[in-house]
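[1] prediction below, plus the sequence it came from.
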Amino acid sequence: EVQLVESGGGLVQTGGSLRLSCAASGVTFDDYAIAWFRQAPGKEREGLSCMSSGDDNTYYSDSVKGRFTISSDNAKNTVYLEMNNLKPEDTAVYYCALEPTFTPSAPPQEYDYTYWGQGTQVTVSS
């Protein structure tokens, strides 16, 4: 069974940086899409970034483009979200999600992903 575990969230000041990790286990398929989402209180879940295991193509939402970077370490079965120049509006619970044998659409859509992590809280103070 696929399990995703996020880590790396926390409290940071405006302009600061965090790196989120998403450790995957139980992944037995060769191709998959992986994405990062976030959900702020009272708001819908927002797709931020996605990538495919089969190529280097990445996608970023306008809200994070130029500030966030998605990357992967296949040897560690881990995907990262490097977040720089954080703003108070980035405060949310951040989730990673995985879908096997799937070419990710842009922007990533919540309904396309079967496996989800439990989320990690990111709070940016002003």
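    Perfect, I can see it now.
[2] how near is Pro107 to Cys50?
    Taking C-beta to C-beta, to the nearest Å as the measure, Pro107 falls 8 Å from Cys50. The C-beta positions use only the backbone N, C-alpha and C, and glycine is treated the same way.
[3] the more surrounded of the two?
    The neighbour comparison of Pro107 against Cys50 (other C-beta atoms under 10 Å) goes to Cys50, with 29 against 17.
[4] which residues does the residue most central in space within the chain contact?
    By C-alpha atoms, centre = their mean, the chain has its centre lying nearest to Trp36, at 2.1 Å. Counting by C-beta atoms under 8 Å, 6 or more residues apart in numbering, Trp36 touches 20, 22, 47-50, 68, 70, 79, 81, 94-97, 108.
[5] try 7 Å
    Applying C-beta atoms under 7 Å, 6 or more residues apart in numbering, we find Trp36 in contact with Leu48, Ser49, Ile70, Leu81, Tyr94, Cys96.
[6] which of the three states applies to the last one?
    Going back to what we said before, that points to Cys96. strand (DSSP: H, G, I helix; E, B strand; the rest coil).
[7] so it is in contact with Cys22, correct?
    Yes - the criterion here is C-beta atoms under 7 Å, and Cys96 meets it with Cys22 at 3.4 Å.
[8] burial measure for the closest residue to Arg45 other than its chain neighbours, as a count.
    Distances taken as C-beta to C-beta, 6 or more residues apart in numbering place Gln39 nearest to Arg45, at 4.4 Å, with adjacent residues excluded. Number of residues near Gln39 (other C-beta under 10 Å) recorded here: 15.
[9] run through the bridge partners of Gln39.
    With DSSP bridges as the criterion, Gln39 is bridged to Val93.
[10] how much space between it and Ser72?
    Distance from Gln39 to Ser72, by C-beta to C-beta: 23 Å.
[11] which residues touch Pro107?
    Gly47, Tyr59, Ser61.
[12] and Asn85, by the same measure?
    Gly15, Arg67.
[13] phi first, then psi, for it.
    phi 50, psi 50 (degrees, to the nearest 10).
[14] so it versus Arg38, what's the distance?
    Going from Asn85 to Arg38 by C-beta to C-beta gives 16 Å.
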